[in-house]
Each structure stands twice: as C-alpha cells, then as structure tokens.
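>>> Test case, fold it:
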Amino acid sequence: MAETLSASGVVTVERLLHGDAYLVRPANLVGVAVVAGIEVWIRPKVAIDRLLFLLGYALSGKRWQDTHVPLAEEPDLLPAVAEAFVRQADRALREGVLHGYREVEASLPVLRGRIRESDQLRRRYGFPVPLEVRFDEFTVDIAENQLLLTATRRLQRLPRLSREVRHGLLRVAGRLDGVTPAAAGRPLPTWRPTRLNARYHAAVRLAEMVLRATSMELSPGVLQVDGFLVNMPQLFEDFVTVALGEEIERLGGRTHRQAPTWLDEADSVRMKPDLVWTSAAGAPRGVIDAKYKAEKPAGFPQADLYQLLAYCTALDLPVGHLVYAKGSGETERRHVIRGKGVEIVQHVLDLAQAPDSLLRQIKRIAATVGDVQDFRSHLGNDRKPGPGASEE
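Predicted coordinates:
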C-alpha cells in the first residue's frame with residue numbers, strides 16, 4: 001500500500017525507523033483521490049469558500065466576482081463543489097436546455113447549407129451524390145451543455161457524495177439527453193459568456209472548475225488515479241498572474257503570462273517568467289514571479305532570488321517582484337543586489353482573507369509594481385531598454 005500511494009504522486013510516503021509505521025504528507029495537492037482502490041482525502045488549510053474563489057478567479061478573472069455560488073457547510077472540497085454544481089446546474093436548466101447553432105460538416109443525399117467544393121471534387125469527383133455540405137444546425141449539442149454533461153459524468157465517478165447529490169447528478173444528466181460529452185484527452189469545448197446564455201454562466205464556470213480538477217495528470221505510469229485534486233502552487237500562480245495582470249493593465253501597457261525570455265545572447269537559455277509587464281511598444285516595464293512556497297533546493301537556499309535576478313538581467317529591469325503566499329516562511333522585504341543596480345521586492349499574500357480584502361492586497365502589489373522609478377539612478381547607473389525593445 002505504501003509503495004502504491006508513493007507512486008501515485010498524490011502524497012509522499014516516508015517509512016519511519018521503527019516498525020511498519022509510515023509518515024504520509026500531501027504533495028501540494030488538496031481534494032480527494034482514489035488510488036488503486038484506496039481513498040485519500042486531503043483537506044486544504046484555506047477555507048473552502050476562499051479556495052472556491054481562488055479557483056473561479058483563476059479561470060474567469062473579474063467575471064467570477066459576478067458569479068454567486070453559495071456553498072454548503074462541508075469540511076471537504078469535493079462534497080461542497082459537487083453540491084454547488086448540482087444546485088447551479090438545476091438552476092441553469094430550470095427554463096429548459098439551452099439550444100444554439102453549431103456548424104456541421106456532413107455527406108448528405110440532398111443539398112443543405114453550402115457545398116464544400118474542394119471536398120466534393122476530391123472525394124466525389126464525377127458523382128452527383130452524396131454531397132459534401134456545411135450547414136448550421138440548431139441543437140442542444142453545444143459547448144455549454146457539453147461542459148455540463150462532462151462535469152456531471154466526472155463527478156459521478158467520485159466517492160462519498162451524498163445520496164441527494166448523486167440523485168441530482170442523475171437528474172442533470174437526464175435533462176441533457178442528446179448532448180455529446182467531451183472526449184477524454186481532447187481540449188475542452190470553448191464557450192463565450194453572452195446575454196443569451198446568462199443563466200448558464202455560474203454552472204458552466206463550475207463545470208470548468210470540476211473538469212480542471214478531475215483531469216490532472218499525476219503519474220506517468222500505469223497506476224490509475226481518479227479524483228478531484230487541486231494543485232495549490234499552480235492555483236496560487238494562476239490566481240496571482242490573472243488578478244495582478246488585470247490590475248496592472250489598468251496602468252497601461254500589456255501583461256504576458258509565461259512569456260518566453262532568453263538569458264543569453266545566443267537565445268539558448270530559455271526562461272518563462274510568470275508575468276511580464278510591457279509598454280504598448282513592447283518595452284519591459286516589470287516582472288513578477290509567484291511562489292506558493294519558497295523554493296530551497298539543496299545548495300541553493302535562495303533560489304527564488306537568483307531566478308528573479310536572472311529575469312531582471314535578461315529584461316534589463318531595475319526592479320523585480322516576488323509574490324509569496326502567507327505561511328511560506330517568507331516576509332515582505334526588499335533586497336538590493338550588490339553591484340548590479342537591481343532591487344527585488346518580496347510581497348506576501350494572505351489567502352485566508354475574504355475575497356474583497358484579498359483583491360485589495362492585489363491592488364496594493366499592483367500599485368507597487370506600477371511605481372516605476374529608475375532605481376539605478378540612485379546608484380548612478382543609466383537604464384537601458386530591454387532586448388529588442390524601445391523606450392516609451
């Protein structure tokens with residue numbers, strides 16, 4: 001059992017010195033997983049409603065603030081999200097299943113829509129029928145319904161849901177008759193929130209959340225792992241880059257997530273900062289890295305600082321910003337790099353705060369990033385534009 005759990009990647013397992021006792025720790029994941037028939041439940045330190053806010057905001061940005069999703073008082077993430085999903089799906093489907101137009105390509109004995117001329121000549125040359133056509137079909141098999149049905153099927157596979165929730169999932173699946181679930185391993189269908197599908201917004205966003213948490217690839221081997229799991233470092237990075245990116249863009253310019261950057265002149269050492277802020281002309285103005293926990297590999301106890309210094313060097317920026325989660329062991333402070341004319345600013349984000357307070361923290365960090373003062377001027381150095389960039 002210990003070997004199986006360790007191989008799953010859901011937890012780390014360490015055998016103690018005496019007897020057959022083992023120390024089991026979560027591997028930065030929260031939620032539930034079924035590993036070869038073994039149920040593993042990992043409760044988050046963050047309150048469930050706070051965690052749901054982080055998940056929703058990381059997926060939808062400010063649009064999530066308009067999505068009211070009341071949660072049941074559950075100690076675990078999966079039951080709370082499953083009950084909320086059933087409630088929102090029922091509300092979305094109360095007025096009937098949403099229909100929409102979908103483009104269909106087919107071979108038909110009669111003309112419908114438009115002939116795909118190149119396909120007709122290539123496949124049916126010399127034959128009048130069937131016709132290769134393209135037409136718009138008014139159907140229930142649209143992206144919004146596909147997401148709802150796929151999330152419903154995923155939740156039905158998971159353990160320890162209440163009888164009421166399971167009945168609700170069966171009810172939702174039954175109302176989506178004629179809808180095709182998304183194929184496993186394929187990109188999820190895309191949808192766009194509009195006035196016409198407004199009653200679906202909360203349910204579909206919860207469906208995306210469920211699908212994201214149930215499709216994590218944990219182990220490259222043959223071990224089967226099913227579950228509803230949230231990677232906390234990835235969630236923290238996603239939330240910070242989305243929320244901070246929105247706030248910084250209010251100051252002008254653009255932000256870029258995971259923007260490829262090269263450390264050397266030969267472009268052989270590639271780096272991907274979490275967030276880069278540029279002017280409208282493309283000149284780098286700021287760089288931010290989000291760290292759920294301070295990375296301290298053996299021999300490099302300050303690896304985060306070295307990494308950000310490399311970003312500032314490559315982008316020719318005088319200031320870089322590190323954003324940590326509170327409880328990571330790091331504090332808010334500033335580091336002036338000796339002889340380089342670079343300052344690294346550490347920020348700490350308290351995830352336990354209510355959403356409004358959390359977003360106020362984000363605004364404060366954005367204001368600090370936006371306070372673009374030439375730090376090098378205080379050291380008697382001249383700032384140069386970033387690689388390939390022009391000054392504003």
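>>> Contacts made by stretch 252-269 with the rest, please.
Applying CB atoms under 8 Å, 6 or more residues apart in numbering, the external contacts of stretch 252-269 come out as 241, 244-245, 248-249, 270-280, 285, 310-311, 313-315, 387. To be clear about C-beta, it is placed using only N, CA and C from the backbone, and glycine gets the same treatment.
>>> Which of these fall in helices?
Those of the contacts of stretch 252-269 mapping onto helices are 241, 244, 245, 248, 249, 310, 311, 313, 314, 315, per DSSP state H.
>>> mind putting the residues you listed in CSV, distance to residue 186 and pLDDT included?
Shown next, in CSV, are the ones in helices among the contacts of stretch 252-269 (distance: CB to CB, whole Å; pLDDT from 0 to 100):
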residue, distance to residue 186, pLDDT
241, 25, 96
244, 31, 96
245, 28, 95
248, 34, 95
249, 32, 94
310, 36, 95
311, 34, 95
313, 40, 93
314, 36, 94
315, 36, 94
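>>> Top of those by number of neighbours, please.
Counting neighbours by other CB atoms under 10 Å, residue 244 comes out on top of these with 26 neighbours.
>>> contacting residues for it?
With contact set as CB under 8 Å, 6+ apart, residue 244 has these partners: 255, 275, 288, 323, 362, 365, 366, 369.
>>> Please indicate which of the residues you listed are buried?
255, 275, 288, 323, 362, 365, 366, 369 (16 or more other CB atoms under 10 Å).
>>> For the second one, which non-adjacent residue is closest in space?
When you say that, I think you mean residue 275. residue 288 (4.2 Å; CB to CB, 6 or more residues apart in numbering).
>>> didn't the one you found look like it was pressed against residue 242?
No. In this structure residue 288 lies outside contact range of residue 242 using CB atoms under 8 Å: 11.9 Å.
>>> Can you give me the end-to-end span of stretch 149-166?
Stretch 149-166 has its terminal residues 14 Å apart, counting by CA to CA, to the nearest Å.
>>> wait, stretch 14-32
20 Å.
>>> How about the secondary structure of residue 111?
coil (DSSP: H, G, I helix; E, B strand; the rest coil).
>>> So it versus residue 102, what's the distance?
Separation of residue 111 from residue 102 (CB to CB, to the nearest Å): 19 Å.
>>> Look at those two and report which has more neighbours.
residue 102 (14 against 11).
>>> Among the buried ones among the contacts of residue 244, which lie within helices?
Secondary structure defined by DSSP H assigns 362, 365, 366, 369 of the buried ones among the contacts of residue 244 to helices.
>>> what's the neighbour count on residue 347?
Using other CB under 10 Å, residue 347 has 22 neighbouring residues.
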